[in-house]
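A.B. asks: Structure of the sequence below:
(2 chains)
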Amino acid sequence: MTDGDYDYLIKLLALGDSGVGKTTFLYRYTDNKFNPKFITTVGIDFREKRVVYTASNPNGTTTGKTFKVHLQLWDTAGQERFRSLTTAFFRDAMGFLLMFDLTSQQSFLNVRNWMSQLQANAYCENPDIVLVGNKADLADQREVQEKQAKELADKYGIPYFETSAATGAEVDKAVITLLDLVMKRMEQCVDKPPAEPANGNGATKLGEAQPNEKKFFVRGPSSQLFSVKTTAAFIHEASPVTVMQVILQ
Amino acid sequence: MDLNLLQALERERVLEVLRRDKQLRIIEEDRIRRMKYELQELRRRGAKSYSRQYGERTCARCQRPLGKFWNSGAVCRGCSHRICSRCRVGVGTADWKCTVCHAYREVKIRSGEWFLEEKARKFPVTTDKYETVGEKLLKTCNVLSHISVVPPTPPPHLDHQFLSRSGDLKNTKPFTKSVEDLMVSFTSHIKKISTSQNDVRGDLLKVDNGRKGSRFIYSTQKSLSDTDISKASHLFKVPSLPNLFKKNKDSDQEGSSTGAEEETSFSSEYSGGKRGSNSSISTEYGFFDIVSIAGELELALAYNTRTSCLEITVGGCRNLAYGDAKKRKCHPYVKLYVLPEKSGKMKTAVKRNTTDPVYNELLKYQIERHLLFGKRLQASVWHSGTLRRKVFLGEILIPLDGWRFENEASQCFNWYPLCPKAESPDGGAMEQDRGELPVKRSSISQGELLRLSSLKCLQEKEMHLTVCQIR
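C.D. replies: The predicted structure follows:
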């Protein structure tokens, strides 16, 4: 099924404690099957699925435009010993399915840790995440209440779903919601005004104020004055290697 | 993070996944390339063709005249061209863009460019190429596996002992003396190698395992000088999208027709079709992608067991970038090396005035079959400019171990997309002074100097510099 006939390649990644059902969740999503056996994931794996995405306006009405989306769904090992490998893959994913086991309080408590792992390793500070409580079908063994989980999700400002890879409930919805968030983010990223306004009206976004950013002036060959802005790394007194961008004033 | 911590079986599993990922990536890169090609086509159609008086009064996209009061057009916020109402595409509700800017935006979204930009914000790119973690891991692992399958080589001092023994017999010189002799012959070899490049091949064939040291030194020197060349060529070439717009303007004025100009700017834009080249769309991060790389190289590889020769047939190239973009000239030739020693330099003839040269030359490199382990074939395309100035046009690297020489299919011609120069381990760290710019730091004292390692103008308005030191 992997030919280039698609409009978008979207890379999502499932993470969470070992045994919460990431692999079965993705298996259910891509193949619509359930494998009750527990086979621990070795390091990293991925599954693919081609979906049709219908674009919608900001006001919620569909524009009727449809796109073919190729989903690459990365599956990570929950086990601690693979941690350095799996977290390294965070930075190449555009959206995240943060999963925990509704029948395991501990896996829910660890969501907080996973969140900080994401903040540190994902492509940006606030990536698109969907919180997923899996194994909703095992109602009698449930340890995490919906209210609890919902509160946590609200705190992070992310959607929350209770899914069951066994029955398939809400699985599609969780992934599609995440896809939707990513698709919206793409538009925002492209449409937002360029990060460095040439006239220096200080329109940098909140939280993006770079403490390392200092202004420089460079005199060019014909002695025009350039203002210089650091775009990477840092500038320290008499210290090395910085990449800068010069904008003519 | 590396895979050595895993057990062998686990590592194999992970590598398998990474290889699958690579398949997907290849398809994706291909798709992105097509997309950018289409964008370029659109740009070309939208460009002004003949009217020299490209003034305010025609739409920059469809060239329809604009009225003074009625249908007077408006300036697109993306490209600052005056656009008639027909060539606008609404983005969101209130805002609009001209058709080209809109297509540009679409490509940025669909190619995943937006993501790379966002990522580079948090993790500044240090190489000239975006690489996914999987890509990197796969590469390092391939290197590692090369090391593990290298056939046992005789210990280097074995030779010495033989020599010394024979020396002992004849001259009764102490052992250390003969080692000294050996060192002398080492250095003479090095000298020979570095003085005449053409002799290199013969020399190296004579150089046996025991003298690995000399080869190594040689290869360092060589690659340094190569990076010099490519560094220098950076200055002439300015890919990156802002330039596309500028170029377009230029061709607007020139007027002409051939579209060749656009072809160049396009090729610089999609430079190599590799991940890294995506960055060339972007203004902010484009400056990591310096060399304009485009096109493909056709090669066939075979191993002749009878003569113990690696036979490389260079078919040709297509869609190369212009080595001399200004004059739209290109005299390409292909140069081959066997890495990592950088031995066996082979060159094809220079084909003049073409970006689609056909060589059909068979180049042979004599090497024992088992010595191919851990080796790579580097095939680079160069433009042979005036005054022996050479311009790097792209390269490919083909691992030679694991190459299925028995396989019929692999002996046929294959097209390989050209890539920007791979960071060479010894050349990478090298920074060069490109000059000094007097700098005034607004906050601190005046008259400081920036030492620049590279400097290039992207547009009239923008200059990118890499600064290595501030005094």
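A.B. asks: contacts and neighbour counts: CA atoms only from here.
C.D. replies: OK.
A.B. asks: and the longest helix seen in chain A, average pLDDT?
C.D. replies: Ranked by residue count, the top helix of chain A under DSSP state H comes out as helix A:171-191. If you average the pLDDT over helix A:171-191, you get 92.
A.B. asks: residues of it that come out buried?
C.D. replies: A:171-172, A:174-175, A:177-183, A:185-187, A:189-190 (16 or more other CA atoms under 10 Å in any protein chain shown).
A.B. asks: Any chance you could spot the residue sitting in the middle of chain A?
C.D. replies: A:Gly95 (2.7 Å; CA atoms, centre = their mean).
A.B. asks: Could you grab the helix/strand/coil label for the nearest residue to A:Gln117 once chain neighbours are set aside?
C.D. replies: Sequence neighbours aside, A:Thr87 is the residue nearest to A:Gln117 in space, at 7.3 Å (criterion: CA to CA, 6 or more residues apart in numbering or on different chains). Following DSSP: H, G, I helix; E, B strand; the rest coil, A:Thr87 is assigned to helix.
A.B. asks: Now do the contacts for A:Thr87.
C.D. replies: By CA atoms under 8 Å, 6 or more residues apart in numbering or on different chains, the contact list for A:Thr87 reads A:Gln117, A:Leu118, A:Asn121.
A.B. asks: Now the last one: phi and psi?
C.D. replies: What that stands for is A:Asn121. Here is the backbone geometry of A:Asn121 (degrees, to the nearest 10): phi -110, psi -10.
A.B. asks: now the stretch 151-300 of chain B, which segments are flagged as low pLDDT?
C.D. replies: B:151-291 (pLDDT under 70).
A.B. asks: Recalculate using a threshold of 80.
C.D. replies: B:151-292 (pLDDT under 80).
A.B. asks: okay but the residue nearest to the centre of chain A is in contact with A:Leu178, surely?
C.D. replies: Yes. The criterion here is CA atoms under 8 Å, and A:Gly95 meets it with A:Leu178 at 6.6 Å.
A.B. asks: Which residues are in contact with each of those two?
C.D. replies: A:Asp128, A:Ile129.
A.B. asks: ok, residues contacting the biggest strand by length in chain A?
C.D. replies: Scanning chain A for the strand with the most residues, using DSSP state E, yields strand A:62-76. By CA under 8 Å, 6+ apart, the list of residues contacting strand A:62-76 from outside reads A:5-15, A:22-23, A:26, A:41-57, A:86.
A.B. asks: so where's chain A uncertain?
C.D. replies: A:1-3, A:55-64, A:192-249.
A.B. asks: mind listing the helices for it?
C.D. replies: A:22-31, A:83-89, A:105-109, A:111-121, A:146-156, A:171-191.
A.B. asks: Show me what the shortest one is packed against.
C.D. replies: Applying 3 or more CA pairs under 8 Å, 6 or more residues apart in numbering or on different chains; DSSP states H and E, one finds that helix A:105-109 makes contact with strand A:95-101.
A.B. asks: So what are the sheet partners of the strand it packs on and their directions?
C.D. replies: strand A:8-16 (parallel), strand A:128-134 (parallel) (DSSP bridges).
A.B. asks: orientation of the first one relative to helix A:171-191 in degrees?
C.D. replies: The reference is to strand A:8-16. 120 degrees (axes from the mean of the first three to the mean of the last three CA atoms, to 10 degrees).
A.B. asks: Need the distance between the two termini of stretch B:322-342.
C.D. replies: Start-to-end span of stretch B:322-342 (CA to CA, to the nearest Å) is 26 Å.
A.B. asks: An error on my part: the question was meant for stretch B:352-372.
C.D. replies: Using CA to CA, first and last residues of stretch B:352-372 are 33 Å apart.
A.B. asks: So which residues lie in contact with it, not counting its own?
C.D. replies: Contacts for stretch B:352-372 (CA under 8 Å, 6+ apart): B:151, B:303, B:305, B:307-322, B:329-332, B:344, B:346, B:348-349, B:351, B:400-401.
A.B. asks: Could you rerun that using 6 Å?
C.D. replies: Here stretch B:352-372 makes contact (CA atoms under 6 Å, 6 or more residues apart in numbering or on different chains) with B:308-320, B:329-331, B:400-401.
A.B. asks: before we move on, back to that, and the contacts of A:Thr87 as JSON lines, adding distance to A:Leu102?
C.D. replies: Shown next, in JSON lines, are those (distance: CA to CA, whole Å):
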{"residue": "A:Gln117", "distance to A:Leu102": "21"}
{"residue": "A:Leu118", "distance to A:Leu102": "21"}
{"residue": "A:Asn121", "distance to A:Leu102": "25"}
